[in-house]
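Visitor: Need coordinates for the following:
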Amino acid sequence: MEEFYGTEEYFEQKVSNCLSKDADEKKLSKIAAQLEYEIRHEFICHERIRKECLENLFEVCDRAISDKKNK
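Guide: Numbering: from 1, shown residues only. The predicted structure follows:
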C-alpha cells in the first residue's frame, strides 16, 4: 500500500529507504533537506497543507534521530 505524499508514513518510508543501519545524522539531515526543498518549492498545495507536510517531516526526522540515539 502506498502512503499519501506528506503523511508521516510517507516520510517514514522515504527516510527508512535512504538510511541504512549504520547511517548517521549527517545523511538524515541531507535526506530531510531534500524533502523539505521538495515540499517548499515543488509541491503545489495550499499553505496549510504545506505546513502540515513540513511538521510531519520534522516529526519523522526527530523520531529517527531519537531511535538512532537509543540503539
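
Visitor: Just the mean pLDDT for the longest helix along the chain, thanks.
Guide: In the chain, with assignment by DSSP state H, the single longest helix is helix 47-70. Averaged across helix 47-70, pLDDT comes to 89.

Visitor: what does it rub up against?
Guide: 5-8, 10-12, 15, 19, 23, 25, 28, 32, 35-36, 39-40, 43, 45 (C-beta atoms under 8 Å, 6 or more residues apart in numbering). Just so you know, the C-beta spots here come from the backbone N, C-alpha and C atoms, and that holds for glycine as well.

Visitor: Recalculate using a threshold of 10 Å.
Guide: With C-beta atoms under 10 Å, 6 or more residues apart in numbering as the contact definition, helix 47-70 has outside contacts at 5-16, 19, 21, 23-25, 28-29, 31-32, 35-36, 38-40, 43-46.

Visitor: Buried subset of the residues you listed, written for ChimeraX?
Guide: The buried subset of the contacts of helix 47-70, as determined by 16 or more other C-beta atoms under 10 Å, is captured in ChimeraX by this line:
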select :6,10,11,12,14,15,28,31,32,35,39
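
Visitor: Please list the members of the contacts of helix 47-70 that lie in helices.
Guide: Short answer: the contacts of helix 47-70 in helices (DSSP H) are 8-16, 25, 28-29, 31-32, 35-36.
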